[in-house]
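**Q** return a 3D structure for these sequence lines:
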Amino acid sequence: MDIVSAKPDESEKQGVIHHLIDIKSPDEGLYSAGNFANDAAKIIEKSSHPILIQGGSWFYIKSLLDEKSLIEYGENKPLRDKLLKYSNKKLWDILNEKDPLRAAKIHENNRDKVIRSLELIEAINGKLSDYKRAQNKNYNAKWYMREFEREELYNRINTRVDLMLKEGLYEEWLKNKKKYGRCEVLYNTIGYREFFDLEDKIYKDFETAVEKIKQHTRNFAKRQLTWFRQNKETLDIRPAAEFK
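**A** Numbering: from 1, shown residues only. The predicted structure follows:
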C-alpha cells in the first residue's frame, strides 16, 4: 500500500531511522490504535534519542500519549464479521442499547468506532463507559501541527491525489485487490474504497471515483484538524512570513 498511504520512499528515509513501516500485511487484519500504542512504546523506551511521531491519525497518536491507556483487547473476527453485515444505524442502535453513554459520544456514521466499541464491550463483558483505564507512561511529549488556510489545504490535497494517480494508485489497487481480495483493510482505505465502489457501479465513471477520493480526503483532513485543535498544548508551526 505504498502509494495510497504516502509511505516515504528510500530517498526520503535517507539519514533518518524510520519505525513501524512494512510490519503488517492487509490480510492479517486491522492494526488498531492499541496495537500502535504498544509497538511505539517499545521503540520509544529502547531509544536513547528523541522520537518524532508523525502522521495524520490523531487517535493513534493520542492513544500512545494520552494520560490513560486503551483497553488491550485484540480483534474479535467472528463478531466483527457479523457486525459488518449491519447498516450504520443498526450498529449504532445496538451500541446504544448496550452502552448509551458510549453511543452518545460516537456519530452513527463512524462505523469503525462503533464496531470497535461493540468488540470491546464483548471483551470486558460490561459497559465501556464504566471501564477504568490504566495510566499511560508520561513521555513529556510536545505537540506540533502545520496550519494551512482551508483553500490552500484543499488544493494541496487535490494535487496530492492527482500525483498519486500519476504514480500508479489505480494499478496498486488492482494489484492488492488481486493479492488480498476485498478485505476490510483495503476497503476501508480512502483511495481504494472508491475504486471498489466504482467496480460496484456506485459511481458512473472513473473521474467521479477520483473526485470522491479528493472529497473523502478533504473530509478526513477537516476532522483531523478539528481533533488536533482541541489539544490546547498543540503549537502551530509555519514559516515566520505567514504570521500576521
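
**Q** what mean pLDDT does whichever strand or helix holds Leu174 have?
**A** Of the helices and strands defined by DSSP states H and E, Leu174 is found in helix 169-180. For helix 169-180, the mean per-residue pLDDT is 97.

**Q** could you do stretch 220-237 as well?
**A** For stretch 220-237, the mean pLDDT works out to 83.

**Q** go on, stretch 130-150?
**A** 82.

**Q** now do stretch 78-90
**A** Stretch 78-90 shows a mean pLDDT of 90 in the predicted model.

**Q** end to end, how far does it reach?
**A** Across its full length, stretch 78-90 reaches 18 Å between end residues, using C-alpha to C-alpha, to the nearest Å.

**Q** please name the nearest non-neighbouring residue to Phe59.
**A** Leaving aside its chain neighbours, Phe59 sits nearest to Ala33 (5.4 Å; criterion: C-beta to C-beta, 6 or more residues apart in numbering). All C-beta spots, glycine's among them, are computed from the backbone N, C-alpha and C.

**Q** quick one: contacts for the one you found?
**A** Residues counted as contacts of Ala33 (C-beta atoms under 8 Å, 6 or more residues apart in numbering) are 57, 59-60, 63, 70.

**Q** farthest-apart pair in the residues you listed, please.
**A** Ser57 and Leu70 (13.6 Å; C-beta to C-beta).

**Q** give me the more crowded residue out of the two.
**A** Leu70 (21 against 13; other C-beta atoms under 10 Å).

**Q** give me the pLDDT value at the more buried one.
**A** According to the model's per-residue confidence, Leu70 sits at a pLDDT of 65.

**Q** so which bits of the helix ranked longest in the chain are buried?
**A** Longest helix in the chain, counting residues (DSSP state H): helix 206-230. Taking 16 or more other C-beta atoms under 10 Å as the basis for neighbour counts, the residues of helix 206-230 that come out buried are 209-210, 212-215, 217-218, 221, 224-225, 228.

**Q** quickly note the distance from the residue nearest to Phe59 to Thr159.
**A** Counting by C-beta to C-beta, to the nearest Å, the gap from Ala33 to Thr159 is 29 Å.

**Q** Gly181 now?
**A** The value you get for Gly181 to Thr159, if C-beta to C-beta is used, is 31 Å.

**Q** what does Asp112 give?
**A** The spacing between Asp112 and Thr159, counted by C-beta to C-beta, is 27 Å.

**Q** repeat for His216
**A** Between His216 and Thr159 the distance is 16 Å, computed by C-beta to C-beta.

**Q** cool, Glu67 as well?
**A** Look at Glu67 and Thr159: by C-beta to C-beta, they are 38 Å apart.

**Q** okay, those two: which has more neighbours?
**A** Comparing Glu67 with Thr159 by neighbour count (other C-beta under 10 Å), the higher total belongs to Thr159, at 11 against 8.

**Q** packing partners for the helix or strand hosting the more buried one?
**A** Using DSSP H and E, the secondary-structure element containing Thr159 is helix 150-167. Under the contact definition 3 or more C-beta pairs under 8 Å, 6 or more residues apart in numbering; DSSP states H and E, helix 150-167 sits against helix 206-230.

**Q** returning to that earlier point: and the helix holding Leu174, which residues are buried?
**A** 169-170, 172-173, 176-177.

**Q** now Tyr203: how far from Ile43?
**A** 40 Å.

**Q** quick one: residues contacting the residue most central in space within the chain.
**A** For the chain, the residue whose C-alpha lies nearest the mean C-alpha position (C-alpha atoms, centre = their mean) is Ser57; its distance is 4.8 Å. Under the criterion of C-beta under 8 Å, 6+ apart, the contact partners of Ser57 comprise 33, 224.

**Q** numbering from 448 from now on, please.
**A** Shifting the count to begin at 448 puts that one at Ser504.
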